[in-house]
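Engineer: Got a sequence here, can you build the structure:
(one chain, ligands or ions: 1)
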Amino acid sequence: MSLRDTSKFLSLILRHNSQIIGLTLDEHGWADVDDLISRMKTKRPIDRVTLDEIVATDDKQRYSFSANGKLIRANQGHSLPVDVELSELKPPEILYHGTGAKFCRSILSMGLMKKSRLYVHLSSDIDTAEKVGRRHGSPRIFVVDSGKMFNDGFKFFYSVNGVWMTEHVPKNYLSEMTL
Ligand code: HQG
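Structural biologist: The predicted model follows:
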């Protein structure tokens with residue numbers, strides 16, 4: 001089992017389905033590290049040293065330990081209804097959203113929807129948006145007029161690993177970039 005596979009499994013548990021290993025997250029998305037390790041034994045065995053390595057080297061810094069190291073949570077990306085204490089902030093004037101070409105027509109008619117996650121995910125740079133878009137096939141990038149949205153009263157959140165989020169982007173704040 002590669003570290004990457006284990007990390008993907010960790011992401012599934014900590015963001016979407018902790019119950020597949022019978023793990024309970026608290027209201028802020030934290031799991032007890034010892035409990036997690038012991039429950040992962042039958043599915044994807046992991047020890048504390050490997051878990052520390054995954055958290056430290058993760059390319060998107062997806063996970064955090066609590067200050068005392070006894071708890072772990074995903075920093076963002078959840079579909080499980082937990083409050084990971086995101087910072088509510090004024091966003092940059094422009095943010096980007098990467099998606100697949102197959103979704104463009106629907107996005108242009110309904111705006112950006114959060115679908116299964118708690119928020120629509122946005123990035124402050126085009127490269128990241130393009131990578132996110134590639135996960136869904138031929139990539140497309142939307143420019144989000146986040147400055148105007150903020151002035152119009154929409155809330156924006158920022159995670160400790162640098163992802164911007166909002167609940168919905170109506171279509172009038174979107175324009176498609178030519179790649
Ligand atoms: C699309 C990954 C049709 C949306 C990434 C996206 C990110 C619509 C897909 C993070 C739509 C949902 C989140 C509409 C939105 N009609 N399609 N009206 N509105 N969509 O995976 O943003 O590696 O839930 O464009 O890097 O792709 O997991 O969201 O294509 O940061 O850490 O519906 O997940 O990070 O897909 O990705 P997702 P996402 P991790």
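
Engineer: Could I get the buried residue list for the lowest-mean-pLDDT helix or strand in the chain?
Structural biologist: Ranking every helix and strand in the chain by mean pLDDT, DSSP states H and E puts helix 3-11 at the bottom, with a mean of 93. Neighbour-count burial for helix 3-11 flags T6, S7, F9, L10, S11 (criterion: 16 or more other Cβ atoms under 10 Å). All C-beta spots, glycine's among them, are computed from the backbone N, C-alpha and C.

Engineer: cool, and stretch 161-175?
Structural biologist: Quick answer for stretch 161-175 (16+ other Cβ under 10 Å): V163, W164, M165, T166, V169, Y173, L174.

Engineer: got it, and stretch 48-68?
Structural biologist: Neighbour-count burial for stretch 48-68 [16+ other Cβ under 10 Å]: L51, I54, V55, D58, Q61, R62, Y63, S64, F65.

Engineer: Wait, a helix at the second one?
Structural biologist: Spelled out, it's I54. Yes: counting by DSSP: H, G, I helix; E, B strand; the rest coil, I54 falls inside a helix.

Engineer: Ignoring the adjacent residues along the chain, who's closest to it?
Structural biologist: Among residues not flanking I54 along the chain, S7 sits closest, at 5.0 Å (Cβ to Cβ, 6 or more residues apart in numbering).

Engineer: If you drop the residues flanking it in sequence, what lies closest to G22?
Structural biologist: Nearest non-adjacent residue to G22 (Cβ to Cβ, 6+ apart): R39, at 6.0 Å.
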